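1. A structural model of the following input is requested.
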Amino acid sequence: MPIIVNLDVMLARRKMSLSTLAETIGITLANLSILKSGKAKAVRFSTLAAICQALDCQPADLLEHRPDPADLSKPDTSGLA
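-> Down below sits the predicted model:
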């Protein structure tokens with residue numbers, strides 16, 4: 001998937017554990033673990049905002065776009081261009 005979640009990086013920078021973050025923002029450890037592992041299909045803006053507030057960071061510090069090189073070589077057939 002071209003969206004990379006860098007939650008582990010921000011947790012390390014802030015010297016905070018995943019369980020402490022989960023408790024701080026009121027989300028289950030299991031759901032936060034899914035997000036951290038990159039297995040989440042979506043994230044609510046309210047959850048993202050709570051994480052950013054707790055870690056004193058911006059959404060761009062947590063989310064990164066890395067296009068798959070194979071996707072770049074495919075012609076655009078969406079009609080949106």
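2. my read: residue 32 touches residue 18, true?
-> Yes: the pair residue 32 and residue 18 passes the contact test of C-beta atoms under 8 Å, sitting 5.8 Å apart. Every residue, glycine included, has its C-beta placed from N, CA and C.
3. these two: who's more crowded?
-> Summary of the neighbour comparison: residue 32 and residue 18, criterion other C-beta atoms under 10 Å, with residue 32 having more neighbours (21 against 15).
4. what residues does the one helix or strand the more buried one maps to touch?
-> Assigned by DSSP states H and E, residue 32 belongs to helix 29-37. Residues outside helix 29-37 that contact it (C-beta atoms under 8 Å, 6 or more residues apart in numbering) are 5, 7, 8, 11, 18, 19, 21, 22, 40, 43, 47.
5. how about that helix, which residues are buried there?
-> For helix 29-37, the neighbour count (16 or more other C-beta atoms under 10 Å) marks 32, 35, 36 as buried.
6. just checking, next helix/strand downstream of that helix?
-> On the C-terminal side of helix 29-37, the closest following helix or strand by DSSP H and E is helix 45-55.
7. other SSEs contacting the next helix or strand after that following helix?
-> Toward the C-terminal end, the helix or strand that comes next after helix 45-55 (DSSP H and E) is helix 59-62. The criterion is 3 or more C-beta pairs under 8 Å, 6 or more residues apart in numbering; DSSP states H and E, and the helices and strands that helix 59-62 contacts are helix 7-14, helix 45-55.
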